[in-house]
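J.: Quick check, what structure comes out for this input:
(2 chains)
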Amino acid sequence: VKIFLLGLFAVANLLVQQTLFDKISILGVKPDLLLVLIIFTALLEGPVTGLKLGLAIGLLQDLATGKFIGLYLLSGGITGYLVGLVETRIFKENYLVPMVVLLGGTVFHQGLYLFLRSLIGYPAGWIDAWLGVILPLALYHALIGPFLYVPAYKVYVRWWRQIG
Amino acid sequence: LPGFWQKSRWALVLVAVIAVLLIARNTGLDRAELTPVERWLRDLLAPLQGGATTVLDGAETAAGLTVSRSQLLAENQALRQENAQLTEKISRLQEMEVENVRLRGLLNMKSSLGGQWQTVTARVIARDPGNWYQNLTINRGSSDGLLQGMPVINQDGLVGQITAVSSNTAEVLLILDKDGAVSALNQLSRTPGVVEGVDNPRGFLRMIHVPQDAVLRENEIIISSGLGGVFPPGLRIGYVVSVQAEANGLMQEAIIRPFVDFERLEEVLVLISSQGDGTP
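T.: Residues are numbered from 1 along each chain as shown, chains lettered A, B, ... in the order given. Predicted structure coming up:
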């Protein structure tokens, strides 16, 4: 049931991402809800779930993007796993946690994606990529993080953990 | 087998990562067509994306209605109902009026292209989910005669080119993308250059490889040159915002603001050459 619900939620997120988010972009950068979903799930459920969801959502994002299939898969899986490693070391009830983890997780995920793309022969202009995309996106995520995390955490505690 | 797995776990992970990177390398920009899984996913998502876009456009129209209704709560029921109906009707008419202007613009563009090009009008139904690529999905595909490489425009100018098609959708690589470079000209001085997308500042273009002694001033208009054979010559791209020397000091480059408002792009025209095979 959990896998089905997460899958449904991920596809819904993808649709919102593809249709609505260009209209709420700031400085030309739109939030990446799918990445937020990977990071939050890893934060709450740990590294193994983070890895699995990161791989699955990464593949979905790869297929939707239609370029360099496998890069979002790898960067999503690795980010989910590493974020999941901090799960037992933090107070999940502290709402500052998502800000910090989203900031770090976004920088890592986007940086890793560009690094992998460079590795297969498609290098990026690193300074422009950092100033134009990675840092604005990380700040955007950090700002909206608490507003998304509070309801997500409540749903997780009251409802999600009860599902078998 | 468990013992083997324990011993070779990291080696297997490494092999899997390398395999994925090889797949990624072979699914870059220059592949001929999408995989069956991608085509299937696109055709599956297209009605949902189209529906979501319609609902969101409708929600924008209805936003004004909600405000009016909240202001009218203090007034009597009959007046409120009548007012709501009228407001809704006006919103709808305004939306139609705006759409009419857009479509009229497309129609003008279509007639200005002359007989060399046939056009297919398409609606934008989705955007790239991430921030690294500037592309969008339109609701026309191979069943409408669309092929990879066809140019896409709107009434304001050049939008991009088709990079992949499924039967009911097509992927458009915008000129804002770093891989969507266009051969261009300064309309006034005829100075040639190449226009490409930039990550910073977002939403702008950069004209590169312009000789140091060439004349390039602010507010001058940049158009497509037609070199390379993908885009027809003379399509408006944008205007010069600033000019500076390239890092090597031998050339100069300019930051270009595109004429097309890519964040609010709703309808586009796909150009199909009327000469022979349908390719541009």
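
J.: and A:Leu34, what pLDDT?
T.: Looking at A:Leu34, its pLDDT stands at 93.

J.: nope, B:Leu106 is what I meant
T.: Note on B:Leu106: pLDDT of 75.

J.: Let me know the secondary structure of it.
T.: Per DSSP: H, G, I helix; E, B strand; the rest coil, the secondary structure class of B:Leu106 is helix.

J.: Could you check how far it is from A:Gly125?
T.: According to C-beta to C-beta, to the nearest Å, B:Leu106 stands 34 Å off from A:Gly125. (C-beta placed from N, C-alpha, C; glycine too.)

J.: where in chain A is pLDDT low?
T.: Filtered on pLDDT under 70, chain A yields the residue ranges A:164.

J.: ok and the residue in it nearest chain B?
T.: Going by C-beta to the nearest C-beta, chain B is nearest to A:Gly28 of chain A, at 2.6 Å.

J.: Not including adjacent chain positions, what is the nearest residue to that residue?
T.: Nearest in space to A:Gly28, with sequence neighbours left out and distances taken as C-beta to C-beta, 6 or more residues apart in numbering or on different chains, is B:Arg202 at 2.6 Å.

J.: Phi, psi for the residue of chain A closest to chain B please.
T.: Main-chain dihedrals, A:Gly28, degrees, to the nearest 10: phi 80, psi 0.

J.: which residues touch the residue nearest to A:Gly28?
T.: Contact analysis of B:Arg202 by C-beta atoms under 8 Å, 6 or more residues apart in numbering or on different chains lists A:Leu27, A:Gly28, A:Val29, A:Gly132, A:Val133.

J.: Give me the secondary structure label for it.
T.: Assignment for B:Arg202 (three-state DSSP): coil.

J.: related to what we said a few turns ago, more crowded one of B:Leu106 and A:Gly125?
T.: B:Leu106 (18 against 14; other C-beta atoms under 10 Å in any protein chain shown).

J.: Identify the residue nearest the geometric centre of chain A.
T.: Closest to where the C-alpha atoms of chain A average out (C-alpha atoms, centre = their mean) is A:Leu35, at 1.5 Å.

J.: for A:Val107, what are its contacts?
T.: By C-beta under 8 Å, 6+ apart, the contact set of A:Val107 is A:Ile134, A:Leu135, A:Ala138.

J.: how about those residues in CSV, adding secondary structure?
T.: Converted to CSV, these look like this (three-state DSSP):
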residue, secondary structure
A:Ile134, helix
A:Leu135, helix
A:Ala138, helix
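
J.: ok, these vs B:Gln244, which is closest?
T.: Using C-beta to C-beta, the shortest approach to B:Gln244 within the contacts of A:Val107 belongs to A:Leu135, at 22.7 Å.
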